[in-house]
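Trainee: Mind looking at a prediction? Sequence and model below.
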Amino acid sequence: MKTTVKFLNENYLSLEKKNVTVQGWVRSNRSQKEFGFLVLNDGSALSNLQIVYDSSLPDFGKVAKYGVGVAVTATGTLVLTPEQKQPYELKATNIILEGDCPPDYPIQPKRHTREFLREQAHLRMRTNLFNAVFRVRSLLSFAIHNFFRERDFIYVHTPIITANDAEGAGETFAVTTLDLENPPKVNGKIDYSRDFFAKPANLTVSGQLEAEAFALAFKKVYTFGPTFRAENSNTPRHASEFWMIEPEVAFADIHDIMDIVEDMIKYVIDYVLKHADEEMKFFDAFVAPGKIEQLKKLVGATIYRCDYRDAVKILSGASQKFENRIKYGDDLATEHEKYLTDVHFKSPVFIVNWPKDIKAFYMRLNDDEETVAAVDLLVPGAGELVGGSQREERYDYLTRRMAEMKIPADELKWYLDLRKYGGVVHSGFGVGFERLIMYITGVENIRDVIPFPRTPKNCNF
């Protein structure tokens, strides 16, 4: 019976003395004169399987010399060991070498720094930490899709290559087939009419604008895919390539969208807690003590809703001294966000109605004409997790705002058309997928929750 460690973990009581076969990679091998212990991981579970072999095994001498990293097929009898650390082990009758591994294998059974493991991104998922991280990443991805599927959202694949900069920040990666050594020029400027798309193009910074178009046909949509920012930020929270979850909902205002944000965050966290018990216990023990309790509190918490003006008043009157003094019109620094969640509210909190001058052009102008219907969700221990807004559905207000912010209207004529042809009140939000993983696992660097991170001056693998 060929099986997996995951299956054995779930069914070992009924498999006592049964003959089973497993396949995987050796994590360690302790051999003595007459017997040995081989620890195997097959990728189906975070936990390993202990395989006991002795001198009765064919090729015992060769098996005793198998090093870390070799791939094997092991057949044997499952034996219960309730008195031991592990509840069962495999008494081997045959171990076949499937793939050898030389002694210079970088992932040895010792503690490696995360910096070192980033240089071994093609191998680091064979360690406990990264095995757990990427298993949770997979589960969380499924939970996100499941949340929206259960609520009849349409999943939209928005373009990776676009001609717009949704955020208007200019931090885009150009896409071109022109000869960079000798690009064609007209009047001293690059002649993009001779480029592949006959116009400047870039990798997407957001799928939001295209998702809005679909929301005005399907009512409830979301996009979940890679986005790119050419932002020269070397921080633990920034990457040049990352994934975004971006729902858009027609006939929904800012309050409706906050309800959806709250439901989604609680749903996906609860899903991970229920389906990644082994991994979450690992994070709680070795990465972020207290993480499980923190997440359970969030799932059961009331998420407060606080106006930006009130948040500034709270921070201005706080007895705590901040490195960055806050005044109306400022964005919130991480220390401000953590004070609001960890000290003042002791709970997650929505900060709503932000000054228009620090928010994007597409956010709906409030009646005071000073603020926009924008919202950030702040969570304890992490700060901002979600950003969203009611979108500006009024054609004249949107064109005026674009002119103020020098957003080229000609390039976004199609976006303005959405306001002309049956445009309605609609809202949406964005969640950085990697930041959500960081929050759930307690892993503090975004480079450690992306399989192959892309950051300034780093595009390996």
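Mentor: Noted; the coordinates are in hand.
Trainee: Now Ala163. Nearest residue, chain neighbours left out?
Mentor: Leaving aside its chain neighbours, Ala163 sits nearest to Ala201 (5.4 Å; criterion: CB to CB, 6 or more residues apart in numbering). C-beta here means a position set from N, CA and C on the backbone, and glycine is covered the same way.
Trainee: Tell me where the stretch 351-461 of the chain has strands.
Mentor: 371-379, 383-391, 426-432 (DSSP state E, counting those that start in this stretch).
Trainee: Run the angle between the second one and strand 371-379 for me.
Mentor: Read that as strand 383-391. Interaxial angle, strand 383-391 versus strand 371-379 (axes from the mean of the first three to the mean of the last three CA atoms, to 10 degrees): 150 degrees.
Trainee: where do the strands sit along the stretch 151-300 of the chain?
Mentor: Ranges of strands in the stretch 151-300 of the chain, per DSSP E, counting those that start in this stretch, are 154-155, 161-162, 185-186, 189-190, 202-203, 220-228, 241-250.
Trainee: Show me what the last one is packed against.
Mentor: Using 3 or more CB pairs under 8 Å, 6 or more residues apart in numbering; DSSP states H and E as the contact test, the elements touching strand 241-250 are helix 208-218, strand 220-228, helix 254-275, strand 426-432, helix 433-441.
Trainee: quick one: average pLDDT of that strand?
Mentor: Strand 241-250 shows a mean pLDDT of 98.
Trainee: Same check on stretch 13-20?
Mentor: 96.
Trainee: Next: stretch 136-143.
Mentor: 98.
Trainee: re earlier: and the helices and strands packed on strand 241-250 as a markdown table, adding distance to Gly388?
Mentor: Formatted as a markdown table, the helices and strands packed on strand 241-250 follow (distance: least, CB to CB, whole Å):
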| stretch | distance to Gly388 |
| --- | --- |
| helix 208-218 | 10 |
| strand 220-228 | 12 |
| helix 254-275 | 5 |
| strand 426-432 | 3 |
| helix 433-441 | 14 |
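Trainee: quick one, what contacts Arg305?
Mentor: With contact set as CB atoms under 8 Å, 6 or more residues apart in numbering, Arg305 has these partners: 258, 349-350, 352.
Trainee: Quick check: the residue nearest to Ala163 vs Glu246, distance?
Mentor: 20 Å (CB to CB, to the nearest Å).
Trainee: So which of the two has more stuff around it?
Mentor: Taking neighbours as other CB atoms under 10 Å, Ala201 and Glu246 compare with Glu246 leading, 25 against 20.
Trainee: Pretty sure the more buried one sits against Gln208.
Mentor: Yes - the criterion here is CB atoms under 8 Å, and Glu246 meets it with Gln208 at 5.3 Å.
Trainee: Tell me where the chain is predicted with low confidence.
Mentor: 167-170 (pLDDT under 70).
Trainee: The residue nearest to Ala163 reaches Ile161, doesn't it?
Mentor: Yes - the criterion here is CB under 8 Å, and Ala201 meets it with Ile161 at 5.6 Å.
Trainee: quick one: the helices in the chain?
Mentor: 5-11, 60-63, 114-118, 128-150, 208-218, 254-275, 277-286, 291-300, 308-316, 334-338, 395-404, 413-420, 433-441 (DSSP state H).
Trainee: Buried ones in the third one, by neighbour count?
Mentor: Of the residues in helix 114-118, 117-118 count as buried by neighbour count, 16 or more other CB atoms under 10 Å.
Trainee: now do the fifth one
Mentor: By neighbour count on 16+ other CB under 10 Å, the buried set for helix 208-218 is 208-216, 218.
Trainee: Show me how far it is from its chain's centre.
Mentor: Taking the mean of its C-alpha atoms, helix 208-218 sits 23 Å from the chain's own mean (CA atoms, centre = their mean, to the nearest Å).
Trainee: for it, packing partners?
Mentor: Checked by 3+ CB pairs under 8 Å, 6+ apart, helix 208-218 has strand 220-228, strand 241-250, helix 413-420, strand 426-432 packed alongside it.
Trainee: Including distance to Ile358, could these go into CSV?
Mentor: Listed next are these as CSV, based on distance: least, CB to CB, whole Å:
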stretch, distance to Ile358
strand 220-228, 21
strand 241-250, 20
helix 413-420, 21
strand 426-432, 16
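Trainee: Go through the strands of the stretch 151-300 of the chain and pick out the most buried.
Mentor: Per-stretch averages of neighbours, counted by mean count of other CB atoms under 10 Å, single out strand 241-250 among the strands of the stretch 151-300 of the chain, with a mean of 23.
Trainee: who does that one pair up with?
Mentor: Partners of strand 241-250 in the sheet, by DSSP bridges, are strand 220-228 (antiparallel), strand 426-432 (antiparallel).
Trainee: okay if I get these as TSV plus distance to Gly329?
Mentor: TSV is the format used below for the strands paired with strand 241-250 (distance: least, CB to CB, whole Å):
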stretch	distance to Gly329
strand 220-228	28
strand 426-432	23
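Trainee: closest to Pro183 out of those strands?
Mentor: Comparing those against Pro183 with CB to CB, the closest turns out to be strand 220-228 (21.6 Å).
Trainee: Tell me how far that closest one lies from the chain's centre.
Mentor: 12 Å.
Trainee: Can you list the neighbours in contact with it?
Mentor: Against strand 220-228 from outside (CB under 8 Å, 6+ apart): 141, 144-145, 148, 151-158, 160, 172-173, 203-208, 210-211, 214-215, 240-250, 433.
Trainee: Could I have the CA atoms of that strand written out in PDB?
Mentor: The C-alpha coordinates for strand 220-228 follow below in PDB (Å, rounded to 0.1, in the frame of the first residue of the first chain):
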ATOM      1  CA  LYS A 220     -19.700  41.100  -7.300                       C
ATOM      2  CA  VAL A 221     -16.200  40.300  -8.600                       C
ATOM      3  CA  TYR A 222     -12.700  39.800  -7.300                       C
ATOM      4  CA  THR A 223      -9.200  39.500  -8.800                       C
ATOM      5  CA  PHE A 224      -6.400  37.600  -7.100                       C
ATOM      6  CA  GLY A 225      -3.100  37.700  -8.800                       C
ATOM      7  CA  PRO A 226       0.500  39.100  -9.000                       C
ATOM      8  CA  THR A 227       1.200  42.800  -9.000                       C
ATOM      9  CA  PHE A 228       4.400  44.700  -9.400                       C
END
